[in-house]
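Novice: prediction below, plus the sequence it came from.
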Amino acid sequence: MRFQISNFKFQIFNLSSLIGLLVLGLMVGSFAQPARKKNAPPPDAPVTPEEASRLEAVIKTELGEMRMEFFPEFAPQHATAFIKRARAGFYDGSAFHRVIARGLIQGGDPLLKENAPRARWGTGGLNLLKDEFSEMKHIRGVVSAVRIPDKPNSGGVQFFVCAGAQPQLDGKFSAFGLVNEGLHVLDQISQVDADESQKTVKPVKIISIKIEPKKTAPYKDANIDEMRKEVLLKTTLGDITIALAPDLAPEHVRNFLRLVETGWYDHTAFHRVVPGFVVQGGMGSSRQPYPYHPADRWVNTIAGEFSKDRKHVRGTLSMARADDPNSALTSFFIVLRDAPNLDAKYSIFGKVVDGFEVLDRMEQAPRKAETGIEKDTPLERIELIEAVIKP
């Protein structure tokens, strides 16, 4: 049996087109520092790499908000310099002025705050930092420093964010951060109208960049006893109570509790019903009205935790995955009838203790088709309205 996981593909652009995007010329613009806000650290306050690793930048734009964590172990001077400038309000009122749809976005030029001529966009604030090339890959969400082509140590205040993987940039630009929330905002910015040179028709304003403590994942350090919880699943067909089994699959339980605690599962759907076999839910793509969620930052693959002594009997809660045994993400299933063919192949992490009549209703729900692409899809949406950890 195979459970499908959705994949999103992003365009990869050649290096020459990206170089044209990242820098227009060798001019360095002058800029004025804004007044320091009350209770903020002074602009010249030192920032250590250790401190940078505990911080995040909240990038508020006119199209939405992104959060970015820092990786000072790869580029300490770039990470700490960005934090110092953000704390001083340097980026407030600037803009993202260049984009490649689903490729990347570029911003931070101080000239955009000074109403500089369009021809000068992208030329300000360079030649300030030494290169810090590393093994950090330019994957989706990575934040890296703009520099002048073929000129060493020409980075500065400008930065770009990868909206899709750009492996041709690896080892050629100083990567120092990663957008971990608001990737949908990144995508939206990357797709605004632009001219033939990838300059935006209208720059996307950066309202502010604030520095805050890095968020901590719920249940990150919880022990087995602390994860021994019951979770109430409120669905459109009734309530189901499940008891989690951290002794069997601690990392699956930790993952599930984390997503429940943050509301990640709320308004997703039970998208698959196979009578006499399973009901399956928990896909982010089924969430209404929006598929994205702030807790997407904590969605990662989980290594299999297979139980040789526990069986997939009626009411068993287990984790869906693709062919790779270590590919579980968020989707789970509940067994409707004993399914020994799943034993020791899927990670059992709980069981239903109340609400079996709701499972019966799900099993009896009409489906869109008996065969084809919509096979096993309920005719009417079965929504997981809310998942709640019981006290």
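Specialist: Arrived safely. Residues are numbered from 1 along each chain as shown.

Novice: chain neighbours aside, what residue packs nearest to the residue nearest the centre of the chain?
Specialist: In the chain, the C-alpha nearest the mean C-alpha coordinate belongs to R297, at 3.8 Å (C-alpha atoms, centre = their mean). Excluding its sequence neighbours, the residue lying closest to R297 (C-beta to C-beta, 6 or more residues apart in numbering) is N180, at 3.9 Å. All C-beta atoms are positioned from the backbone trio N, CA, C, and that covers glycine.

Novice: a helix runs through that neighbour, doesn't it?
Specialist: No. With DSSP: H, G, I helix; E, B strand; the rest coil as the criterion, N180 is strand rather than part of a helix.

Novice: picking up where we left off before, what secondary structure does the residue nearest to the centre of the chain sit in?
Specialist: Going by three-state DSSP: R297 is helix.

Novice: look up the closest residue to R54, ignoring the ones flanking it.
Specialist: K214 (5.4 Å).

Novice: my read: the one you found touches A57, true?
Specialist: No. The pair K214 / A57 is not scored as a contact, 10.0 Å apart, by C-beta atoms under 8 Å.

Novice: more neighbours: these two, which one.
Specialist: A57 (23 against 14; other C-beta atoms under 10 Å).

Novice: E251 falls within a strand, correct?
Specialist: No. Counting by three-state DSSP, one finds E251 to be helix, located in no strand.

Novice: quick one: contacts for it?
Specialist: With contact taken as C-beta atoms under 8 Å, 6 or more residues apart in numbering, E251 is in contact with 302-303, 305.

Novice: distance check, M319 against P203.
Specialist: In this view, M319 and P203 are 44 Å apart by C-beta to C-beta, to the nearest Å.

Novice: between the two, which one's more packed in?
Specialist: M319 (25 against 20).

Novice: what's across from the more buried one in the sheet?
Specialist: Under the criterion DSSP bridges, M319 forms beta bridges with F332.

Novice: show residues contacting stretch 293-302.
Specialist: Counting by C-beta under 8 Å, 6+ apart, residues outside stretch 293-302 touching it are 67, 180-181, 183, 215, 217, 251-252, 255, 258-259, 262-264, 284, 287, 319, 326-330, 347.

Novice: could you do stretch 359-377 as well?
Specialist: Contacts for stretch 359-377 (C-beta under 8 Å, 6+ apart): 235, 237-238, 240, 270-276, 279, 315, 334, 336, 352, 378-380, 382.

Novice: which ones among those residues lie within strands?
Specialist: The strands, defined by DSSP state E, take in 235, 238, 240, 270-274, 279, 334, 352 from the contacts of stretch 359-377.

Novice: and the gap between the nearest residue to G141 once chain neighbours are set aside and Q198?
Specialist: Excluding its sequence neighbours, the residue lying closest to G141 (C-beta to C-beta, 6+ apart) is V179, at 4.1 Å. Distance of V179 to Q198, computed by C-beta to C-beta: 20 Å.

Novice: surely I224 meets D247?
Specialist: Yes. With contacts counted by C-beta under 8 Å, I224 reaches D247, the gap being 6.2 Å.

Novice: is N255 in a helix, a strand, or coil?
Specialist: Under three-state DSSP, N255 falls in the helix class.

Novice: how about the nearest residue to it, chain neighbours excluded?
Specialist: I302 (5.6 Å).

Novice: what's across from that neighbour in the sheet?
Specialist: A328.

Novice: can you give the domain ranges for this structure?
Specialist: 15-213, 225-389 (automatic domain parsing).

Novice: roughly how far is the longest one from the heart of the chain?
Specialist: With C-alpha atoms, centre = their mean, to the nearest Å as the basis, the distance from the averaged C-alpha position of domain 15-213 to the chain average is 18 Å.

Novice: what's the mean pLDDT across that domain?
Specialist: For domain 15-213, mean pLDDT rounds to 89.

Novice: can you show me the helices along the stretch 51-200 of the chain?
Specialist: 76-87, 183-190 (DSSP state H, counting those that start in this stretch).

Novice: now the ones you listed as JSON lines including mean neighbour count?
Specialist: Formatted as JSON lines, those follow (neighbours: other C-beta atoms under 10 Å):
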{"stretch": "helix 76-87", "mean neighbour count": "22"}
{"stretch": "helix 183-190", "mean neighbour count": "20"}
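
Novice: who wins for proximity to L63 among these?
Specialist: helix 183-190 (5.2 Å; C-beta to C-beta).

Novice: other SSEs contacting that closest one?
Specialist: When contacts are defined as 3 or more C-beta pairs under 8 Å, 6 or more residues apart in numbering; DSSP states H and E, helix 183-190 packs onto strand 64-70, strand 95-100, strand 104-107.

Novice: what pairs with the last one, parallel or antiparallel?
Specialist: What that stands for is strand 104-107. When DSSP bridges is applied, strand 104-107 pairs with strand 95-100 (antiparallel), strand 159-162 (antiparallel).

Novice: need phi/psi at L259.
Specialist: phi -70, psi -30 (degrees, to the nearest 10).

Novice: let me see the contact set for the closest residue to it other than its chain neighbours.
Specialist: Closest residue to L259 apart from its sequence neighbours, by C-beta to C-beta, 6+ apart: Y265 at 5.6 Å. Applying C-beta under 8 Å, 6+ apart to Y265 gives the contacts 259, 281-282, 330, 384, 387.

Novice: sort out for me which of those are in helices.
Specialist: Using DSSP state H, the members of those that fall in helices are L259.

Novice: adding neighbour count, distance to K172 and pLDDT, write the contacts of Y265 out as TSV.
Specialist: Converted to TSV, the contacts of Y265 look like this (neighbours: other C-beta atoms under 10 Å; distance: C-beta to C-beta, whole Å; pLDDT from 0 to 100):
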residue	neighbour count	distance to K172	pLDDT
L259	25	37	98
G281	25	43	98
G282	23	39	98
T330	24	35	98
L384	20	45	98
A387	24	44	98
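
Novice: dump the contacts of Y265 to JSON lines, plus distance to K84.
Specialist: Listed next are the contacts of Y265 as JSON lines, based on distance: C-beta to C-beta, whole Å:
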{"residue": "L259", "distance to K84": "35"}
{"residue": "G281", "distance to K84": "45"}
{"residue": "G282", "distance to K84": "41"}
{"residue": "T330", "distance to K84": "37"}
{"residue": "L384", "distance to K84": "44"}
{"residue": "A387", "distance to K84": "41"}
